[in-house]
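Trainee: Next comes the sequence, and after it the predicted model I'd like to discuss.
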4 protein chains.
Amino acid sequence: MTKVEMLQQITAMWNQVPFNNLLGIYITKFDHQEAEIRFNWQDKLVGNHVQNILHGGVTATALDFAGGVVAAANIIERLGDEIDLAKLQSSLSKLGTIDLRTDYLRPGRGQEFITTARIIRSGSKVAVARMEMHNEQGEHLAFGTGTYMVG
Amino acid sequence: MTKVEMLQQITAMWNQVPFNNLLGIYITKFDHQEAEIRFNWQDKLVGNHVQNILHGGVTATALDFAGGVVAAANIIERLGDEIDLAKLQSSLSKLGTIDLRTDYLRPGRGQEFITTARIIRSGSKVAVARMEMHNEQGEHLAFGTGTYMVG
Amino acid sequence: MTKVEMLQQITAMWNQVPFNNLLGIYITKFDHQEAEIRFNWQDKLVGNHVQNILHGGVTATALDFAGGVVAAANIIERLGDEIDLAKLQSSLSKLGTIDLRTDYLRPGRGQEFITTARIIRSGSKVAVARMEMHNEQGEHLAFGTGTYMVG
Amino acid sequence: MTKVEMLQQITAMWNQVPFNNLLGIYITKFDHQEAEIRFNWQDKLVGNHVQNILHGGVTATALDFAGGVVAAANIIERLGDEIDLAKLQSSLSKLGTIDLRTDYLRPGRGQEFITTARIIRSGSKVAVARMEMHNEQGEHLAFGTGTYMVG
């Protein structure tokens, strides 16, 4: 299996993770330099009836997932070219969020929400990622910083 | 309307917020000294197929909500005894999360998840709360710290 | 007094704050869009004998101060053109850090340390700033995020 | 060398770290369950002339150091009884702060400042600690959460 095929397989698998599926979040870019995930507005994601805005937990979910995707892409990048699926799954099973900071900048309004993530500290044991969430009009809704166990 | 009746009405309203409802999260204690919320395990809340554990976003949602509840209880406490529903709703409409830090301590396993929150900094404009999530066996799964706009 | 003269006066005052003075930290840019502060390597700032690197507290000090400067510049910007020193000092007296997150990216080595700050959330009560610290060779040493009371 | 003698030697060494020395911070309890450090008020630690309170960076320094001490005590505890100084120093050289969150609760006023730290997540690679700073009158001034590389 080539690396590209592996990334496609992981993408398909992660898009089917129950809670990502429930929220309609899916990966649109899976690269060790930048990851991107997206989801559309759905009424069930509302956290405030009166203001009709996203629940803060939806935003945190998107930030955490985007950071996890770019951390995974970095794990894969480190494995080099000679990887098989077993080795990959073993490496990915160590991936976990240690801590996550979410900064809410503007109320969560929009039709589509785009979250990007980049690695700011890369190591064999721990990686730190920074995330940003915008809506389809380019309004900046949230910042995030996540520390991930990667090895 | 008495203060107790008001708290009951807000509790009912917040339990019906779409995203809380989707996750099955509900308020079990609504007090300015301590708030508590609970939810049960559901397969749709899984964030990791292989390990069969909660999505980190579910944990963040619970922590953020619990902190918001205790912050709201503090807003109500400050209003004193002579409050009416209009004044209350006006005050609560200003409530919003500024930032949230989540520390994941153990994998999210269990049948029921109990999240408590306490205010550690109280002000007329900003409140800071600390949260803890345990499962039904008392295992400590996560810590949280949230900064909330309250006025 | 013109706004420029006021900024110069505040800069002089803040550079003489005892702890800034002790560390040799001084303001090099005081603008509502970006603030910058600098300090030079001194042996007394070492936090680790063996590795000969900055104490993590020095880095946190620089990040907190840079965020405070840009938050102050935003307070001043909001006051408009008709400000006097008394009104300004009254406004600045409300400035305070609510919370600060520091992400350490690389060991604190270098001859000069440059910390910049930008506002990511601006409000009449609370402002949130993001900070970055580099050394004179452009190596990125730390990220910071600070939430400040501004009104 | 017994473990107690080793702890004494590390304590003496860390109290002489230049920046700890400059601030007058010293270890008063070095245990894997709880660490404690203390420092006295000094005019040079002031961060705000007008209010005459500690610089936020002093508080962050104390929280970071206390967390580092309890993380070190956990590294030593894991080494078991058969340790020599070379092995210990090799282990401690890996210790480093990954990220630190400081929550400022009250203005930094007092004559003596006591900071305690406890481990909330313990692992062979990463440890997370929670810290609290009080003054000599028991007023709670700050909370902290730090993530440390320990292996």
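Mentor: Noted; the coordinates are in hand.
Trainee: Contact residues of chain A facing chain D?
Mentor: Contact residues, chain A versus chain D (Cβ under 8 Å from any Cβ of the partner chain): A:98-99, A:101, A:121, A:125-126, A:128, A:145, A:147, A:149, A:151. The way it works is simple: take the backbone N, C-alpha and C, and place the C-beta from them, glycine included.
Trainee: what number of residues lie near the closest residue in space to A:V58 that isn't next to it in sequence?
Mentor: Nearest residue to A:V58, sequence neighbours excluded (Cβ to Cβ, 6 or more residues apart in numbering or on different chains): A:L45, at 4.9 Å. Using other Cβ atoms under 10 Å in any protein chain shown, the number of residues around A:L45 comes to 23.
Trainee: quick one: A:L45 from chain C, how far?
Mentor: Distance from A:L45 to chain C, counting by Cβ to the nearest Cβ, to the nearest Å: 22 Å.
Trainee: Would you confirm that that residue contacts A:G57?
Mentor: No: assessed by Cβ atoms under 8 Å, A:L45 is found out of contact with A:G57, at 9.2 Å.
Trainee: Between those two, which contacts overlap?
Mentor: B:F19 (Cβ atoms under 8 Å, 6 or more residues apart in numbering or on different chains).
Trainee: Which residues are in contact with the residue nearest to A:V58?
Mentor: A:23, A:54-55, A:58, B:18-19, B:22.
Trainee: Closest to the centroid, which residue in chain A?
Mentor: Central residue of chain A (Cα atoms, centre = their mean): A:A66, 1.4 Å from the mean position.
Trainee: Which positions in the worst-scoring helix or strand of chain A on mean pLDDT come out as buried?
Mentor: None of the helices or strands of chain A scores lower by mean pLDDT, DSSP states H and E than helix A:85-92, at a mean of 82. Within helix A:85-92, the residues that qualify as buried are A:88, A:91-92, counting by 16 or more other Cβ atoms under 10 Å in any protein chain shown.
Trainee: Check stretch A:21-37 too.
Mentor: For stretch A:21-37, by 16+ other Cβ under 10 Å, it's A:22-23, A:25-27, A:29-30, A:32, A:35-37.
Trainee: That stretch near chain C at all?
Mentor: No: applying Cβ under 8 Å from any Cβ, one finds stretch A:21-37 separated from chain C by no less than 15.4 Å.
Trainee: Can you give me the first-to-last residue distance of that stretch?
Mentor: 12 Å (Cα to Cα, to the nearest Å).
Trainee: Check whether it comes near chain B.
Mentor: Yes: using Cβ under 8 Å from any Cβ, stretch A:21-37 comes into contact with chain B via A:21-23.
Trainee: ok so, going back, can I get the least confident helix or strand of chain A in CSV? Just the C-alpha atoms.
Mentor: Taking Å, rounded to 0.1, in the frame of the first residue of the first chain, the C-alpha atoms of helix A:85-92 are listed here in CSV:
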residue,chain,number,x,y,z
LEU,A,85,-0.6,-0.8,8.0
ALA,A,86,0.1,-2.7,11.1
LYS,A,87,3.0,-0.5,12.1
LEU,A,88,0.9,2.6,11.2
GLN,A,89,-2.0,1.5,13.4
SER,A,90,0.3,0.7,16.3
SER,A,91,1.8,4.2,16.0
LEU,A,92,-1.6,5.9,15.7
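Trainee: neighbouring strands for the helix or strand that it is followed by, and are they parallel or not?
Mentor: The first helix or strand that comes after helix A:85-92 along the chain, using DSSP states H and E, is strand A:96-104. Sheet partners assigned to strand A:96-104 using DSSP bridges are listed as strand A:140-149 (antiparallel), strand B:96-104 (antiparallel).
Trainee: and strand A:96-104, what's its mean pLDDT?
Mentor: The average pLDDT within strand A:96-104 is 96.
Trainee: same thing with stretch A:133-147?
Mentor: pLDDT averaged over stretch A:133-147 gives 97.
Trainee: and the residue in chain A that chain D sits nearest to, what does it touch?
Mentor: Proximity of chain A to chain D (Cβ to the nearest Cβ) peaks at A:K125, 4.6 Å away. Counting by Cβ under 8 Å, 6+ apart, A:K125 makes contact with A:149-151, D:125-126, D:149, D:151.
Trainee: and what of A:W14?
Mentor: By Cβ under 8 Å, 6+ apart, A:W14 lies in contact with A:20, A:27, A:69.
Trainee: Quick check, pLDDT for the first one.
Mentor: Just to be clear, that refers to A:N20. 96.
Trainee: in chain A, which spans are strands?
Mentor: A:26-30, A:35-40, A:46-48, A:53-54, A:96-104, A:112-121, A:126-135, A:140-149 (DSSP state E).
Trainee: Which one of these lies nearest to C:L105?
Mentor: C:L105 sits nearest to strand A:112-121 of all those, at 4.9 Å, using Cβ to Cβ.
Trainee: Any residue of that closest one touching chain C?
Mentor: Yes: against chain C, strand A:112-121 shows contacts by Cβ under 8 Å from any Cβ at A:120-121.
Trainee: Could you report the neighbour count for the residue nearest to A:K87 when sequence neighbours are not counted?
Mentor: Closest residue in space to A:K87, ignoring its immediate chain neighbours: A:L79 at 6.8 Å, by Cβ to Cβ, 6+ apart. When neighbours are counted by other Cβ under 10 Å, A:L79 registers 16.
Trainee: quick one on the thing from earlier: out of the buried residues of helix A:85-92, which one sits closest to C:Q111?
Mentor: Relative to C:Q111, and with distances defined as Cβ to Cβ, the nearest of those is A:S91, at 39.0 Å.
Trainee: Next up, the contacts around that closest one.
Mentor: Contacts of A:S91 (Cβ under 8 Å, 6+ apart): A:75-76, A:79, A:151.
Trainee: Can you lay out the residues you listed as CSV showing distance to C:R106 and pLDDT?
Mentor: Shown next, in CSV, are the contacts of A:S91 (distance: Cβ to Cβ, whole Å; pLDDT from 0 to 100):
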residue, distance to C:R106, pLDDT
A:I75, 21, 90
A:I76, 23, 88
A:L79, 24, 82
A:G151, 19, 88
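Trainee: which two in those residues are spaced the farthest apart?
Mentor: A:I76 and A:G151 (12.3 Å).
Trainee: if you count what's nearby, which of these two comes out ahead?
Mentor: Neighbour count, other Cβ under 10 Å: between A:I76 and A:G151, A:I76 has more, with 20 against 13.
Trainee: So the more buried one sits against A:Q9, correct?
Mentor: No: contact status for A:I76 versus A:Q9: not in contact, 11.5 Å apart, counting by Cβ under 8 Å.
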